[in-house]
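*Asks:* How does the following fold in three dimensions:
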Amino acid sequence: MPPSKKAVTLKDVARLAQTTPMTVSNVLNNRAGAVGPELSARVRRVAQELGYRPHALARRLRTQRSQIIGVVLVDASPFFLSDPLTAAMLAGLTAALHRLDYSTILHGVGPDEVEQASFLRNIETDGFCMVLSGSRATRRRVVERIAATNQPLVILQEEVPDEVRDAASIHFDDRGGARELARALVTGDVRHVLFLVPALEWAAMQRREGGIREILASRPEVRLSVVKSANEGFEACQAALGAFLAKGDEPDLVIGGNDQMAIAAMRYLQGVGRNVPGDIQVAGFNGLEFGRYSTPELTTVAAPAFRLGEAAANAMFHRLDTGSFPFREMVVPVEVMLRGSTRPVLAT
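*Replies:* Model (predicted):
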């Protein structure tokens, strides 16, 4: 049997890179700091050429870190990963954490299942990134319960309760985006706006409703109807809209809580003989690519979900590396995209 190959050590990399083992450790653990780009590149090149692999257990014992971030999605649906916005945020989050040499463990739980969740009984992470749904009281209770683990938290699409200190929030400017969308679309001939949302509460949907209401507050002649769908699925959205229209109360503008709900509404309206946008205008939120495949193309509020996920990962890394978050709250700008499902906006 041939002799086993000796494992490459930090000292081996340091000797060939003409530096110290400490510098090698700092570079390979993304703590380069004052290390110049030339030396950093040389260390990484030598480590790759030698096939150096850090010993995970030894590193954990030395740093007292697992190099694992828990990702908690609180959603009543077992199909939470099918939501395109959630998927895009998670893609950005996990891609950035991977570049920072962190792994992720994904936990999907219902709003009433958090207390029994395994990740609270067996803590094996360095921090948690969270996406929450449920009533305001439920979301607050979940944040406080997970904060009690004494792990740092990054909360996506939600604000941090004042009493939770070791946490940061990052969310889209949903309220501002909804204001701009309503300002553009609620023109002289619009008298009735319908906002289609899921029964399960999300902070983003509440912010969007708040932005719409802000604009309508100066237009008392315009009514707002908030219609709740059993869920965000195609059939449920169409059933909720159909039940509302059956009452004989037709809106001039339908705004979906997200793009998929808006497209379901648009398909229903077209199926019952309404012209979009001639009879009824339709718009949505999130601005994901599939909205371009609808006919007509969907007017929407574009939100950079992948970039938000990356920012969440960088905030968590900053906290673990320095001991503090770079911000308490980050609001990510959004952009209104006017397309074919709404009528052209006349310049004023």
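
*Asks:* quick check: mean pLDDT across stretch 322-338?
*Replies:* Average pLDDT, stretch 322-338: 97.

*Asks:* Kindly report the same for stretch 113-131.
*Replies:* For stretch 113-131, mean pLDDT is 86.

*Asks:* distance between that stretch and the chain's centre?
*Replies:* 18 Å (Cα atoms, centre = their mean, to the nearest Å).

*Asks:* for stretch 235-249, same thing?
*Replies:* With Cα atoms, centre = their mean, you get 29 Å for stretch 235-249.

*Asks:* How about stretch 233-242?
*Replies:* Relative to its parent chain, stretch 233-242 has a centroid offset of 24 Å by Cα atoms, centre = their mean.

*Asks:* same thing with stretch 335-346?
*Replies:* With Cα atoms, centre = their mean as the basis, the mean position of stretch 335-346 lies at 25 Å from the chain mean.

*Asks:* who touches that stretch?
*Replies:* Applying Cβ atoms under 8 Å, 6 or more residues apart in numbering, the contact partners of stretch 335-346 are 177, 180-181, 184-185, 187, 253, 262, 266, 276-278, 281-283, 287, 291, 294-302. Placement of C-beta: from N, CA and C, glycine included.

*Asks:* In strands, which of these fall?
*Replies:* Counting by DSSP state E, the members of the contacts of stretch 335-346 that fall within strands are 253, 281-283, 300-302.

*Asks:* Turn those residues into CSV, including neighbour count.
*Replies:* Below are those laid out as CSV (neighbours: other Cβ atoms under 10 Å):
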residue, neighbour count
Leu253, 26
Gln281, 24
Val282, 32
Ala283, 30
Thr300, 32
Val301, 26
Ala302, 18
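
*Asks:* ok so, going back, filter the contacts of stretch 335-346 down to the buried ones, ChimeraX style.
*Replies:* Buried subset of these, written as a ChimeraX selection, criterion 16 or more other Cβ atoms under 10 Å:
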select :177,180,181,185,253,262,266,276,277,281,282,283,287,291,294,298,299,300,301,302
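
*Asks:* tally of neighbours for Ala182?
*Replies:* Using other Cβ atoms under 10 Å, Ala182 has 26 neighbouring residues.

*Asks:* Nearest residue to it in space, please, no chain neighbours.
*Replies:* Among residues not flanking Ala182 along the chain, Ile215 sits closest, at 3.9 Å (Cβ to Cβ, 6 or more residues apart in numbering).

*Asks:* So for Asp75, what's the nearest residue that isn't a sequence neighbour?
*Replies:* Ser133 (5.2 Å).

*Asks:* hang on, that neighbour in a strand?
*Replies:* No: looking at Ser133 with DSSP: H, G, I helix; E, B strand; the rest coil, it is coil, so not inside a strand.

*Asks:* phi, psi of the residue lying closest to Ala305 once chain neighbours are set aside?
*Replies:* The shortest distance from Ala305 to any non-neighbouring residue, by Cβ to Cβ, 6+ apart, is to Ala88 (3.5 Å). Per-residue torsions, Ala88: phi -70, psi -40 (degrees, to the nearest 10).

*Asks:* who's in contact with the residue nearest to Asp75?
*Replies:* Counting by Cβ under 8 Å, 6+ apart, Ser133 makes contact with 74-76, 111, 139, 200-202.

*Asks:* just the ones in strands among the contacts of stretch 335-346 now: which is nearest Ile155?
*Replies:* Closest to Ile155 out of the ones in strands among the contacts of stretch 335-346 is Val301 (21.0 Å), distances taken as Cβ to Cβ.

*Asks:* residues contacting the closest one?
*Replies:* Counting by Cβ under 8 Å, 6+ apart, the residues that Val301 touches are 174, 177-178, 180-181, 283-287, 334-337.

*Asks:* same question, Cys129
*Replies:* So Cys129 contacts 69-72, 93, 153-156, 312-313, 316 (Cβ under 8 Å, 6+ apart).

*Asks:* Based on its surroundings, how many neighbours for the closest residue in space to Arg179 that isn't next to it in sequence?
*Replies:* Nearest non-adjacent residue to Arg179, counting by Cβ to Cβ, 6+ apart: Gly211, 4.2 Å away. Counted with other Cβ under 10 Å, the neighbours of Gly211 add up to 22.

*Asks:* I'd like to know how far the spatially most central residue of the chain sits from Val8.
*Replies:* Compute the mean C-alpha point of the chain, and by Cα atoms, centre = their mean the closest residue is Met89, 4.1 Å away. As defined by Cβ to Cβ, to the nearest Å, Met89 lies at a distance of 37 Å from Val8.
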